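Student: Below is the sequence, then the predicted model.
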Amino acid sequence: MDSPPSLPLLNSLPPVNWDALDALVLDFARSDRLVVPPHAAPADAADATCPSPPSSPSSSTTTATSSAPSSSSSSSSSYRSRLLILRARRALEAGDVDAALALLRAHAPAALADHRLLFHLHKQRFVELMRRGTEVDREAALDCLRTALAPCALDAYPEAYEEFKHIMLVLIYDKDDQLSPVVNEWSIKRRFELAGLLSSILRAHLQAYDPILSMILRYLISIHKIYCMRQGISSPISDLTERLLFEDRDPPVVPQECSLEAPPFDEVDVQALAHAVELTRQGAVDSLKFAKGDLYQAFQNELCRMKLDLTLLDKLVHEYCIYRGIVEGGSHVLPGTAELECKQNNNVNNETQLECEMANNQNGDCSTSDITRDDSWSRRLRRVRSSTSGQRRRKRWRGRVDDLDYACEALLDANKHDSLSPALDMDEDTVVDQQDMVANSNTSDTRNMEDQKYEVVLEMQDLTRKGMASKVVEEISSIDPEFFPQNPTLLFQLKQVEFLKLVASGDHVAALKVASTHLGPLAANNQALLKPLKETLVTLIKPNEDILNGVSLPVLASSLQVAMSRRLGIEEPQLMKIVRAAIHTHTEWFKLQMCKDRFEHFLKIDSLKEVNPPVGSCSMSKGHTDECGNGSSQITTCSSGKVPDEGSSPQVSSEAACDENAILKVMEFLALPRADAIQLLMQYNGNAETVIQQIFQ
């Protein structure tokens, strides 16, 4: 039986802007208090080596375009609110409704104005009191019926009084009776459903949305799964995505009765929301009602209903942060990620084998054993470390500190507003000093060989970003004389930077020497480099121009990092694999939909696709750009500096033949995806009525 086709090899997919991902990852780590800045530097200096995080999307479309980082007070407020939501959720999941109600009264009393929510909470409180079974608790349950549940049932919603009468059957049917009419009310599952509902309501009420990275991953992974399923192809990251994004979601929020009189929503918004987060049309309408017609707030509400494995996500982020030099790390292989890598490798063995075979054919043996066996390797490595720019100031990894030890915590009274999380008002460094004093053990000077290799890769990346190309070539050649013979395109691009810097300084003689000694011979051995060489030489006759403006040093630095890491046996982070594959399927999915993604800019997915080409790469073939960076950071077009992703089908004329209103009508009446609706309309000359008639005949 033939196996299903799979996505292209991960290292052959279009590039991703890793600097943009750095900013999103750092924003996530800061928002969830996973990192702290170095003690030795002020906050602003500590952040200088990392890109500013994007602001999280808000409920208005105007703020979606903002690129300024959120203020520390706003971030702290959001963290406290999310902490409150998580604490209330855990209380309900444990069956302690009184604790959840105490939290709401103390910190979010306005949420209790929702009589529907209040009724559900009192119902669950009544059931939990009955579940305990003591005489005292039964008396408390009856009191709850009289003083709380019955009055609330009168004005919660039309069906509430019938539900009130039904829940009273709990008084006479045992919780272990599987044939009772209230077996569902006794179910522990009701706790989790109510906890999810409360989380959704509080999240919208407090505007306490998850960091943008977690929302992006939810969105991209869900699209990735849909695309692979509909196209009948296997995913190389399925093991990770299945464990990272759970299938079940929190229950949808039912809008309050006053929201039912909301004016009709634009069908474009309804269909965009429905297909973006896999809702029925009525589900999308209800979500828009709850968000008072705000499409982007409804979108965030629905995304946050999807459940992520935070423990796994933290591991992926930690691994990525170490790889990219965002945080300090004692070893590239992180505790807890070994089994993750092992499982993932089971799914990509064929891919890895193909990569090695391709490398063997093009560059010789991809094994690094010849390097690691060299007796002088360690000495040269230490010498290079001491002679380079020095270790970047990096943040310290704090990890997710569980401030929510619910079992050991007394209930909060309404007058204890500051007891929610006293540590949150402290300086971040103080928090870590008190809770994570052992973190410095990972930064000792007695690093093993793997740590030393990893530090050198980061040093070379830093030097490349600073434009110190000649220094990079000199140091890498002294460490590994075989690196550039196996990566000639990288050497060409580094020498281009050196050439352009000399031209910019007016030293044309030295520039021509670099061209004749290095660029010329490299281009002679690689026809794809001849055009970039010509374009580079043209800069000699461009006076008074800042020719270095066209050089994308971050892209070149990322390519160098990937190539060196592979050469030294440093595994690429799993998060990079997820994002690369998911960005590719996002592009392909919206080509099928023949439209732009309404939420691409809102979630900053477009920034992940914007990759400025390094000098000369615009005329190189795809194969040669992949050779220098394994396809991770190079781009093969020079038209606009953006990955060719127009989000539209090449069949523009076919789409133009279909009226937008006709497309929406078919989507609405037949509950079809946009691409299927367009295909049907094309079969019937764009006539929506004819399509609907044919389907219902």
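Tutor: Cool, got the structure. Predicted model, so just to flag it, every value in this text is computed and none were measured.
Student: Check the chain for its longest strand and report it.
Tutor: If you go by DSSP state E, the chain has its longest strand at strand 245-249.
Student: Mean confidence (pLDDT) on whichever helix or strand comes after that one, please.
Tutor: Per DSSP states H and E, strand 245-249 leads on to helix 267-276 as the next helix or strand towards the C-terminus. Mean pLDDT, computed over helix 267-276, is 90.
Student: swap in stretch 319-336?
Tutor: Mean predicted lDDT for stretch 319-336 stands at 70.
Student: How many residues are close by the residue nearest to L34 when sequence neighbours are not counted?
Tutor: The shortest distance from L34 to any non-neighbouring residue, by CB to CB, 6 or more residues apart in numbering, is to R398 (5.7 Å). In this view, the C-beta of every residue, glycine as well, is placed from N, C-alpha and C. R398 has 19 neighbours, counted by other CB atoms under 10 Å.
Student: R30 is in contact with R398, correct?
Tutor: No. With contact defined as CB atoms under 8 Å, R398 does not count as touching R30 (10.4 Å).
Student: which residues touch the helix or strand hosting Q282?
Tutor: Secondary structure assignment for Q282, by DSSP H and E: helix 281-290. Here helix 281-290 makes contact (CB atoms under 8 Å, 6 or more residues apart in numbering) with 204, 252-255, 259-260, 262, 265, 269-271, 273-274, 279, 294-295, 298, 301-302, 668, 671.
Student: Name the residues that touch the helix or strand following it?
Tutor: The helix or strand immediately downstream of helix 281-290 is helix 295-305, counting by DSSP H and E. Residues outside helix 295-305 that contact it (CB under 8 Å, 6+ apart): 57-61, 64, 196, 200, 203-204, 209-210, 215, 218-219, 249-253, 269, 272-273, 276-277, 279, 284, 287-288, 290-291, 598-599, 602.
Student: Drop anything exposed from the residues you listed.
Tutor: 57-59, 64, 196, 200, 203-204, 209-210, 215, 218-219, 249-253, 269, 272-273, 276-277, 279, 284, 287-288, 290-291, 598-599, 602 (16 or more other CB atoms under 10 Å).
Student: in the top helix by length along the chain, what counts as buried?
Tutor: In the chain, assigned by DSSP state H, the helix with the most residues is helix 72-93. In terms of neighbour count (16+ other CB under 10 Å), helix 72-93 has its buried residues at 75-93.
Student: Quick one: list the elements packing against that helix.
Tutor: Counting contacts by 3 or more CB pairs under 8 Å, 6 or more residues apart in numbering; DSSP states H and E, helix 72-93 packs against helix 18-31, helix 97-107, helix 189-206.
Student: Quick check: R566 vs Y454, distance?
Tutor: Using CB to CB, to the nearest Å, we find R566 at a distance of 13 Å from Y454.
Student: pLDDT of stretch 32-45, averaged?
Tutor: Averaged across stretch 32-45, pLDDT comes to 60.
Student: correction: stretch 398-415
Tutor: Throughout stretch 398-415, pLDDT has a mean value of 51.
Student: after the strand or helix carrying L556 comes which helix or strand?
Tutor: L556 is part of helix 553-567 when elements are defined by DSSP H and E. Remark: after helix 553-567, the chain's next helix or strand is helix 574-593, criterion DSSP H and E.
Student: Specify the angle between that next one and helix 267-276 in degrees.
Tutor: If you take axes from the mean of the first three to the mean of the last three CA atoms, to 10 degrees, helix 574-593 sits at 140 degrees to helix 267-276.
Student: Which strands or helices does helix 574-593 pack on?
Tutor: Using 3+ CB pairs under 8 Å, 6+ apart, the elements in contact with helix 574-593 are helix 18-31, helix 212-231, helix 238-244, helix 310-323, helix 338-347, helix 605-609, helix 674-683.
Student: Quickly compare those helices and say which is most buried.
Tutor: helix 18-31 (a mean of 24; mean count of other CB atoms under 10 Å).
Student: what angle separates that one from helix 310-323?
Tutor: 130 degrees.
Student: could you say what helices and strands helix 18-31 packs with?
Tutor: helix 72-93, helix 212-231, helix 310-323, helix 553-567, helix 574-593, helix 605-609.
Student: other SSEs contacting the fourth one?
Tutor: Read that as helix 553-567. Applying 3+ CB pairs under 8 Å, 6+ apart, we find helix 553-567 packed against helix 18-31, helix 449-465, helix 483-486, helix 488-505, helix 622-629.
Student: Repeat that for the shortest one.
Tutor: Contacting helix 605-609 under the criterion 3+ CB pairs under 8 Å, 6+ apart are the following elements: helix 18-31, helix 212-231, helix 574-593.
Student: Those into TSV, with extra columns for distance to D606?
Tutor: Output for the helices and strands packed on helix 605-609, formatted as TSV (distance: least, CB to CB, whole Å):
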stretch	distance to D606
helix 18-31	9
helix 212-231	11
helix 574-593	10
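Student: Go through these and name the closest to P488.
Tutor: helix 18-31 (22.7 Å; CB to CB).
Student: how far away is L117 from F290?
Tutor: Taking CB to CB, one finds L117 at 12 Å from F290.
Student: S199 against L84, yeah?
Tutor: No. Assessed by CB under 8 Å, S199 is found out of contact with L84, at 10.3 Å.
Student: how about low-confidence regions in the protein?
Tutor: 1-11, 37-75, 256-263, 330-393, 402-451, 543-551, 612-658, 696-697 (pLDDT under 70).
Student: Domain boundaries for this structure, per the record?
Tutor: As given by the TED database, the domain ranges for the chain are 75-206, 446-568, 660-696.
Student: returning to what we had before: who touches the longest strand of the chain?
Tutor: Strand 245-249 has contacts (CB under 8 Å, 6+ apart) with 196, 217-218, 221-222, 225, 305-309.
Student: dump the residue contacts of F265.
Tutor: F265 sits next to 285, 288, 293 when contact means CB under 8 Å, 6+ apart.
Student: neighbours around the first one, how many?
Tutor: Right, V285. Quick note: V285 (other CB under 10 Å) scores 20 neighbours.
Student: State the distance from it to G232.
Tutor: Separation of V285 from G232 (CB to CB): 32 Å.
Student: D239 versus A106, what's the distance?
Tutor: Distance, A106 to D239, by CB to CB: 43 Å.
Student: P485 now?
Tutor: Using CB to CB, P485 is found at 36 Å from D239.
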